[in-house]
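Peer 1: Just need the structure, nothing else, for what follows:
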Amino acid sequence: MTARTLTLGATRYPVILPNIRDPRLHVAAVIITIHVLGQVALRFQLSVPQILAAILTCAVLEIALTFRQTKSFVWPASAMLTGSGVALILRVVGTPTDDHWTFFAWYVYAAVAGLSLLSKYVIRYRGSHVFNPSNVGLVVAFVVLGTSRVEPLDFWWAPLNVWMIAAYAVILLGGLLITRRLRLLALAASFWAALAAGVGLLAASGHCMTASWSFAPVCGVDFWRVIVTSPEVMIFLFFMITDPKTVPAGRVGRVVFGVLVALASTLLMAPQTDEFGTKVGLLAGLVVLCAVRPFLDRLVPPPQSAADDLRGFASGLLTGGDPATGGNPATGIARGGARIALAVVAVLALGAGIVLAGTPARGVVVPDSAEILNRLPTAIDPATLPAIIVGQDVVDFDHELAGPGMQAVVVTLAQNLELENQALLRRDESILTTVDHGDRLIEMQGRLQPVTAGTVVITHYQFDAIEVSLLVPFGRQDGLSLGLAARGTMTQETYDAARNLVSRQSSPFAQTFAMRRATGARWLNVAVLPAIPGG
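Peer 2: Coordinates of the predicted model:
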């Protein structure tokens with residue numbers, strides 16, 4: 001920091017500006033670069049006023065609080081990092097898409113950022129703050145406000161194009177240089193390695209989560225890959241858990257801290273079935289470890305002591321070598337064997353605990369569609385379908401969903417609609433679970449209930465035009481869907497209790513059929529919506 005003075009009236013106040021070598025400026029450069037990429041190319045659901053609301057709120061509070069304490073004006077480097085970190089991770093449901101200058105819900109960013117900063121002054125232990133301010137503020141905001149109002153930044157940002165490569169390069173190069181300079185690289189590496197192992201165990205057990213950017217549940221190896229290579233996780237490990245003020249000071253303590261944060265995060269992520277819960281679980285792991293850090297400090301060697309050596313600490317844990325053995329090799333070997341056995345039991349117990357905690361998110365039950373398709377008439381002639389217009393957003397997201405790939409999806413839609421009719425006529429709910437999911441399944445099950453005792457109305461669709469776009473469920477965790485905006489003619493047929501045709505009536509329709517691979521297999525109908533404007 002460099003000092004100057006500011007004269008107000010007859011009083012001169014010191015003005016303390018940052019030094020160019022201040023690591024906080026380097027962290028800020030990385031975060032601001034990611035913000036710029038998010039606005040320019042990555043389509044972050046975030047606006048410039050929202051970012052500025054978070055940063056300026058923290059800056060003003062910090063300047064006021066430090067002036068009250070020191071009677072000097074101090075550049076609020078840490079506070080601005082808190083604000084930019086909150087803005088980077090926080091998303092408010094309903095923020096207009098691709099509107100870089102909207103003031104929508106700016107006060108939410110200001111409030112969350114301000115409360116995050118104030119936690120640094122309110123929750124303290126031995127003269128220092130306990131929690132990483134942005135971390136604890138975000139976790140509290142997500143838990144209190146819930147999925148209907150806010151959500152964290154996605155694990156997956158965009159396809160691996162030049163902009164994503166640039167984002168990874170900025171995060172990794174900046175993170176490695178900064179953590180190495182602060183001697184926190186071992187902490188970051190230990191966290192990542194332990195997280196990769198814990199999430200790998202979850203993935204191997206069949207863990208799945210739904211995500212707003214995926215047509216199907218993210219399971220198994222894909223779940224592991226998404227988590228451990230997520231740019232959000234990289235930001236978390238390089239710029240959030242490595243806050244020098246909230247981690248142990250010793251080398252051993254920092255490595256142990258990194259491993260324990262990963263284990264806590266994994267255990268909190270394990271029972272979550274959607275991306276919202278998984279992301280909050282990841283962030284909450286750091287909150288838990290920061291809360292118990294005073295106890296952890298008592299269990300690890302004092303900083304800069306002779307015992308604060310990773311190799312020596314690990315060797316002592318495994319061999320049991322300590323002065324109490326009196327130098328007796330046999331006693332050391334026996335104690336070492338017992339400690340190794342205890343370590344193996346502890347690892348097995350922890351692994352079993354992670355697997356057990358992940359039970360609610362274990363696998364996806366996929367209906368046996370083959371049996372249904374084999375016994376029911378489902379043949380659809382592609383020649384009866386109109387030309388399909390596929391939006392550029394769909395092509396950019398998945399090149400396979402163009403041409404023959406999209407025609408196959410539309411054929412599946414036509415099959416699903418006819419199978420819904422068969423479910424109503426045959427009073428067979430198992431058919432519905434094969435072709436429908438979510439809101440559409442609930443709707444059709446509701447229509448099936450009165451069918452058992454009375455008349456039934458079914459609908460046949462003749463498509464004249466179909467335009468396909470992405471339906472991104474921002475603020476929800478149902479997963480990405482295809483929106484097939486269709487126009488044409490629908491024919492409603494009414495059957496009596498004996499299933500004799502009573503009447504038939506045709507009329508034009510304009511609706512959007514939402515489809516996604518909700519179980520990871522067949523494309524399913526998940527909703528029927530009003531026609532998309534222009535569709």
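Peer 1: which secondary structure elements does the helix or strand hosting residue 504 contact?
Peer 2: Secondary structure assigned from DSSP states H and E places residue 504 in strand 501-516. Other elements packing on strand 501-516 under the criterion 3 or more Cβ pairs under 8 Å, 6 or more residues apart in numbering; DSSP states H and E are helix 404-426, strand 456-471, strand 481-495, strand 524-530. Any C-beta I mention is one placed from the backbone N, CA and C, and that applies to glycine too.
Peer 1: contact partners of whatever helix or strand comes next after the first one?
Peer 2: If I follow you right, that is helix 404-426. Per DSSP H and E, helix 404-426 leads on to helix 429-435 as the next helix or strand towards the C-terminus. Outside of helix 429-435, the residues that reach it under the criterion Cβ atoms under 8 Å, 6 or more residues apart in numbering are 367-369, 372, 376, 415-416, 419-420, 422-423, 441, 444-445, 448, 522, 524-525.
Peer 1: likewise stretch 386-404?
Peer 2: 159, 406-407, 409-410, 463-470, 480, 482, 488.
Peer 1: pLDDT check: weakest of these?
Peer 2: Looking at the contacts of stretch 386-404 by pLDDT, the weakest one is residue 159, with 84.
Peer 1: Is that one in a helix, a strand, or coil?
Peer 2: Recorded secondary structure, residue 159: coil (DSSP: H, G, I helix; E, B strand; the rest coil).
Peer 1: Dihedrals phi and psi, it?
Peer 2: Taking degrees, to the nearest 10, you get phi -60, psi 160 for the backbone angles of residue 159.
Peer 1: Pretty sure residue 152 sits against residue 91.
Peer 2: Yes: using Cβ atoms under 8 Å, residue 152 is in contact with residue 91, at 6.9 Å.
Peer 1: measure stretch 382-399 end to end?
Peer 2: 21 Å (Cα to Cα, to the nearest Å).
Peer 1: so where is the stretch 1-150 of the chain shaky, pLDDT-wise?
Peer 2: By pLDDT under 70, the weakly predicted segments of the stretch 1-150 of the chain are 1-3.
Peer 1: show me where it has helices.
Peer 2: Listed in chain order, the helices of the stretch 1-150 of the chain (DSSP state H, counting those that start in this stretch) span 23-40, 48-70, 77-89, 106-122, 133-145.
Peer 1: Could you identify which of the ones you listed is most buried?
Peer 2: Taking mean count of other Cβ atoms under 10 Å as the contact definition, the stretch among these with the greatest mean neighbour count is helix 77-89, which reaches a mean of 26.
Peer 1: Mind giving me the packing neighbours of that helix?
Peer 2: Packing contacts for helix 77-89, counted by 3+ Cβ pairs under 8 Å, 6+ apart, involve helix 23-40, helix 48-70, helix 106-122, helix 133-145, helix 231-239.
Peer 1: when you compare where it runs with where helix 133-145 runs, what's the angle?
Peer 2: Angular relation of helix 77-89 and helix 133-145 on a 0 to 180 degree scale: 40 degrees, by axes from the mean of the first three to the mean of the last three Cα atoms, to 10 degrees.
Peer 1: check which helix or strand covers residue 499.
Peer 2: Here residue 499, judged by DSSP H and E, is contained in no helix and no strand.
Peer 1: Could you report the neighbour count for the spatially closest residue to it that is not a sequence neighbour?
Peer 2: Computed as Cβ to Cβ, 6 or more residues apart in numbering, the closest residue to residue 499 that is not its neighbour in sequence is residue 425, at 6.4 Å. Counted with other Cβ atoms under 10 Å, the burial measure for residue 425 works out to 15 neighbours.
Peer 1: likewise residue 306?
Peer 2: 8.
Peer 1: can you check the one 5 residues further on too?
Peer 2: Other residues within reach of residue 311 by the criterion other Cβ under 10 Å amount to 8.
Peer 1: Three-state assignment for it, please.
Peer 2: Three-state assignment for residue 311 (three-state DSSP): helix.
Peer 1: Would you mind putting the helices and strands packed on helix 77-89 into a markdown table with distance to residue 271 alongside?
Peer 2: Formatted as a markdown table, these follow (distance: least, Cβ to Cβ, whole Å):
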| stretch | distance to residue 271 |
| --- | --- |
| helix 23-40 | 30 |
| helix 48-70 | 30 |
| helix 106-122 | 25 |
| helix 133-145 | 15 |
| helix 231-239 | 19 |
